[in-house]
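>>> Need coordinates for the following:
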Amino acid sequence: MVVVPIAFVSEHVETLVELDIEYAELAHAEGVSPYLRAPAVGARPPFIQALAQAVVDALDRTGVAPFGPGCKADWKACPHRRQRAA
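Below is the predicted model of the structure:
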């Protein structure tokens, strides 16, 4: 089994302890072998370039200002909604 920590961009305690130790122990107890974890993307140039491009692509968005088209004022956690209530 190869585990890919897509929710993490850097190596930290959560990846090192949970994925490398705790989940590895669970996998081995279930007979999963090998159990491998792919490294997090960190600050590798392709990841940084993709992140920078995502920012550039988002600059011209229009929609519910100032939060762009993804903002829905009726969503409970929407910051736009909190601003209107204040």
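
>>> what residues go with each domain of this structure?
The chain is divided into the following domains under automatic domain parsing: 1-39, 61-86.

>>> Lowest mean pLDDT across those domains, which one is that?
Among those, domain 61-86 carries the lowest mean pLDDT, a mean of 59.

>>> where do the strands sit along this protein?
Using DSSP state E, the strands of the chain run over 2-3, 36-37.

>>> what would those look like in TSV with mean neighbour count and distance to Thr15?
(C-beta placed from N, C-alpha, C; glycine too.) What follows is these, written out as TSV (neighbours: other CB atoms under 10 Å; distance: least, CB to CB, whole Å):
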stretch	mean neighbour count	distance to Thr15
strand 2-3	12	9
strand 36-37	14	7
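
>>> Make CSV from those and add distance to Glu25 to it.
Below are those laid out as CSV (distance: least, CB to CB, whole Å):
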stretch, distance to Glu25
strand 2-3, 13
strand 36-37, 13
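
>>> Nearest to Glu30, out of these?
Nearest of the strands of the chain to Glu30, taken as CB to CB: strand 2-3 at 13.6 Å.

>>> what's the next secondary structure element after the closest one?
Proceeding N to C from strand 2-3, the next assigned helix or strand is helix 13, under DSSP states H and E.
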